[in-house]
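Engineer: Need coordinates for the following:
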Amino acid sequence: MARARTSIGRTIAAHAILITWTVIALFPVFVTVVNSFKSRRAIFADPLALPWPQHFDLVGYTTVLKQGDFFGYFQNSMIVTVASLFFVLLFGAMAAFALSEYRFKGNLLMGLYLALGIMIPIRLGTVAILQIMVAGGLVNTLTALILVYTAQGLPLAVFILSEFMKTVSDDLKNAGRIDGLSEYAIFFTLVLPLVRPAMATVAVFTMIPIWNDLWFPLILAPAEEVKTITLGSQVFIGQFVTNWNAVLAALSLAILPVLVLYLIFSRQLIRGITAGAVK
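Structural biologist: As a prediction, the model looks like this:
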């Protein structure tokens with residue numbers, strides 16, 4: 001009886017902590033979306049109030065669509081994010097397969113070296129990165145952002161995927177080799193389908209920092225034709241006057257792709273997290 005009460009108490013405490021964390025995480029999103037449908041006066045009068053009919057106003061969205069090239073910014077962000085995700089998942093999975101499958105001299109050191117990329121922020125190398133991009137003529141190009149974000153996401157991808165790939169049955173891979181499959185065929189047809197939850201986890205954790213990043217677009221690609229949606233939203237923030245309706249509307253629209261990605265990969269993401277927690 002005492003054990004049952006203790007178990008129930010722990011469950012209630014865990015759920016209370018999770019609910020509190022969820023409310024804290026969703027509160028800024030709620031405030032942003034709600035105020036994007038209100039007039040400027042209503043935003044400052046009561047920022048937590050819902051957009052009732054007397055305060056409802058779409059001026060922020062009309063401003064975003066008319067002023068600036070919002071769809072161009074959105075397209076640039078999509079190109080950078082999708083291309084970066086593709087290269088991170090492809091190269092990260094290949095490196096993880098090599099580190100988990102083959103034993104060679106320097107295997108452990110290579111893994112530790114990649115793990116350092118998780119602990120050391122890539123922004124510390126901003127000056128060196130900018131010099132490399134200038135020397136290569138890649139400033140104000142989407143290629144510069146894709147290269148940086150690929151390098152930024154690879155360490156975490158390799159770390160997560162290598163742990164999952166170690167759980168793939170050796171008998172399955174050896175059976176594929178006996179059947180005459182090449183190492184590439186084993187990787188693409190046998191291993192990758194089994195680590196889809198881990199791939200989804202990496203995709204979500206990689207996409208969100210890329211989509212929300214302002215640092216590297218501001219430094220490497222500030223030109224109008226290559227601005228991302230996060231950098232493009234700054235056009236509504238002036239030195240003396242800020243169009244908060246437009247800023248909140250732009251941020252609300254920028255949230256949509258992240259929500260869509262989560263809805264698509266939510267089941268795989270949860271499976272990946274729980275599979276990584278249970279050994």
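
Engineer: Please enumerate the helices of the stretch 151-279 of the chain.
Structural biologist: Along the stretch 151-279 of the chain, the segments classed as helices by DSSP state H, counting those that start in this stretch run 170-178, 183-185, 192-194, 196-212, 215-220, 229-232, 244-277.

Engineer: Generate JSON lines for those helices, with distance to residue 6 and mean neighbour count as supplementary columns.
Structural biologist: Any C-beta I mention is one placed from the backbone N, CA and C, and that applies to glycine too. Below are these laid out as JSON lines (distance: least, C-beta to C-beta, whole Å; neighbours: other C-beta atoms under 10 Å):
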{"stretch": "helix 170-178", "distance to residue 6": "41", "mean neighbour count": "12"}
{"stretch": "helix 183-185", "distance to residue 6": "51", "mean neighbour count": "13"}
{"stretch": "helix 192-194", "distance to residue 6": "37", "mean neighbour count": "14"}
{"stretch": "helix 196-212", "distance to residue 6": "32", "mean neighbour count": "21"}
{"stretch": "helix 215-220", "distance to residue 6": "47", "mean neighbour count": "20"}
{"stretch": "helix 229-232", "distance to residue 6": "47", "mean neighbour count": "22"}
{"stretch": "helix 244-277", "distance to residue 6": "21", "mean neighbour count": "17"}
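
Engineer: Out of the ones you listed, flag the one nearest residue 37.
Structural biologist: When the helices of the stretch 151-279 of the chain are compared by C-beta to C-beta, helix 244-277 sits nearest residue 37, at 8.4 Å.

Engineer: Could you tell me the least trusted of the helices of the stretch 151-279 of the chain?
Structural biologist: Per-stretch mean pLDDT for the helices of the stretch 151-279 of the chain is lowest at helix 244-277 (a mean of 72).

Engineer: count of residues packed around residue 33?
Structural biologist: Neighbour count for residue 33, taken as other C-beta atoms under 10 Å: 16.

Engineer: and if you look at residue 75?
Structural biologist: 14.

Engineer: Taking helix 170-178 as reference, get the angle to the helix or strand it falls within.
Structural biologist: Using DSSP states H and E, residue 75 maps to helix 70-101. For helix 70-101 against helix 170-178, the angle by axes from the mean of the first three to the mean of the last three C-alpha atoms, to 10 degrees is 90 degrees.

Engineer: Can you point out the buried residues in helix 70-101?
Structural biologist: 70, 73-74, 76-77, 80-81, 83-85, 87-89, 91-101 (16 or more other C-beta atoms under 10 Å).

Engineer: next SSE after that helix?
Structural biologist: helix 107-119.

Engineer: Mean confidence (pLDDT) on that next one, please.
Structural biologist: Mean pLDDT, computed over helix 107-119, is 80.

Engineer: Any chance you could list what contacts it?
Structural biologist: 95, 99, 151, 152, 154, 155, 156, 158, 159, 162 (C-beta atoms under 8 Å, 6 or more residues apart in numbering).

Engineer: Any buried residues in that helix, and which?
Structural biologist: Result for helix 107-119 [16+ other C-beta under 10 Å]: buried residues 111, 114, 117.

Engineer: Would you format these as JSON lines with distance to residue 219 included?
Structural biologist: Formatted as JSON lines, these follow (distance: C-beta to C-beta, whole Å):
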{"residue": "111", "distance to residue 219": "31"}
{"residue": "114", "distance to residue 219": "25"}
{"residue": "117", "distance to residue 219": "20"}
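
Engineer: Run the chain-centre distance for stretch 210-222.
Structural biologist: Centroid displacement of stretch 210-222 relative to its chain, using C-alpha atoms, centre = their mean, to the nearest Å, is 14 Å.

Engineer: go on, stretch 61-72?
Structural biologist: The answer for stretch 61-72 is 24 Å, by C-alpha atoms, centre = their mean.

Engineer: List of residues touching it?
Structural biologist: 36, 224-225, 227, 229, 232, 235-236, 243, 245-246, 249-250, 253.

Engineer: which one of these sits closest to residue 25?
Structural biologist: Distance to residue 25 across the contacts of stretch 61-72 (C-beta to C-beta) is lowest for residue 36, with 18.5 Å.
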